[in-house]
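*Asks:* model this:
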Amino acid sequence: MGTRRAILAAAGAEFAAHGFDGARVVRIAEAAGVSHQLITYYFGGKRGLYEALSDQWLEESMRVSQARTFAEAARRYVHWAHEDPAWVHTLTREEPGTRPPAEDERAAELFKHVEELRERQARGEFRSDLDVGAVALVFFAASIAPVAIPWIARELGQQDPESTEFIDHYAEQVGRIVSALAEATTETQV
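*Replies:* Residues are numbered from 1 along each chain as shown. Reported below is the predicted structural model:
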């Protein structure tokens, strides 16, 4: 593994465990087996490292979202969160009410996701009477739930949320729910 990749991997684990504010560059360097000066050299410091990880995660998110259907994208997100939980833990450890580093850049990327969902909605992948932002938030929360709140997932699913069987079943169910959004009629609205 290259030095830069080793630093990013160690940073992912550190931010996942401690959030941005609690993360320490010295611990990241130690875990990566490098001097902390290399973090400054490659990333300019903790903020640059966080931004590099955010870019990496957003890039993967964009790749995952390019699935043929919204339901397939939902399944892929569930699997991605399971396979690489560091980004989920990092996001869920951010302090409420504080602006994370690179928030404006992340907001721009999220806007791209919303625009993609609008296009999917226009193609009939989910009902036109649903708010795209609300659909995106529900979809995001559902895809990270087994990682973000495993004890609730365990209780509700009656399985270990870290098991392949649970994730495969859950991903399929999330995909079916997304597909049902297209099939449901407006007569079933509450």
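*Asks:* drop to CA atoms for contacts and neighbour counts, all remaining ones
*Replies:* Will do.
*Asks:* Report the buried residues of the helix or strand harbouring Ala141.
*Replies:* Secondary structure here is read from DSSP states H and E; on that basis Ala141 sits in helix 132-148. Along helix 132-148, the positions that meet the burial threshold by neighbour count (16 or more other CA atoms under 10 Å) are Val132, Gly133, Val135, Phe139, Ala142, Ser143, Ile144, Ala145, Pro146, Val147, Ala148.
*Asks:* after that helix, next one along is what?
*Replies:* Beyond helix 132-148 on the C-terminal side, the first helix or strand identified by DSSP H and E is helix 150-157.
*Asks:* by contact count, what packs against the helix or strand following that next one?
*Replies:* Following helix 150-157 in sequence order, the next helix or strand is helix 164-183 (DSSP H and E). Using 3 or more CA pairs under 8 Å, 6 or more residues apart in numbering; DSSP states H and E as the contact criterion, the secondary-structure elements in contact with helix 164-183 are helix 70-83, helix 132-148.
*Asks:* shouldn't Glu172 be in contact with Arg75?
*Replies:* Yes - assessed by CA atoms under 8 Å, Glu172 is found in contact with Arg75 at 6.2 Å.
*Asks:* higher neighbour count, those two?
*Replies:* In terms of neighbours (other CA atoms under 10 Å), Arg75 is the more surrounded of Glu172 and Arg75; the figures are 24 against 18.
*Asks:* Could you tell me which residues make contact with the more buried one?
*Replies:* Going by CA atoms under 8 Å, 6 or more residues apart in numbering, Arg75 touches Ser143, Ala171, Glu172, Val174, Gly175.
*Asks:* any weak-confidence spans in this protein?
*Replies:* Across the chain, the ranges flagged by pLDDT under 70 are 1, 94-106, 183-190.
*Asks:* per-domain residue ranges of the chain.
*Replies:* Here the chain is described, according to the TED database, as comprising the domains 1-53, 67-189.
*Asks:* Relative to the whole chain's centre, how far out is the last one?
*Replies:* Read it as domain 67-189. In this view, domain 67-189 has its centroid 8 Å away from the chain centroid, taken as CA atoms, centre = their mean, to the nearest Å.
*Asks:* The first one now?
*Replies:* Taking CA atoms, centre = their mean, one finds the center of domain 1-53 at 19 Å from the center of the full chain.
*Asks:* Make sure Gly133 is actually in contact with Val114.
*Replies:* Yes - using CA under 8 Å, Gly133 is in contact with Val114, at 6.6 Å.
*Asks:* What is the most widely separated pair among the buried residues of helix 132-148?
*Replies:* Of all pairs drawn from the buried residues of helix 132-148, the one with the longest distance (CA to CA) is Val132 and Val147, at 23.9 Å.
*Asks:* need the contact list for the closest residue to Phe139 other than its chain neighbours.
*Replies:* Beyond its immediate neighbours in the sequence, the residue positioned closest to Phe139 (CA to CA, 6 or more residues apart in numbering) is Ala74, lying 6.9 Å away. The neighbours of Ala74, taking CA under 8 Å, 6+ apart as the test, are Phe139, Ser143, Ala171, Val174, Gly175, Val178.
*Asks:* All set now, cheers.
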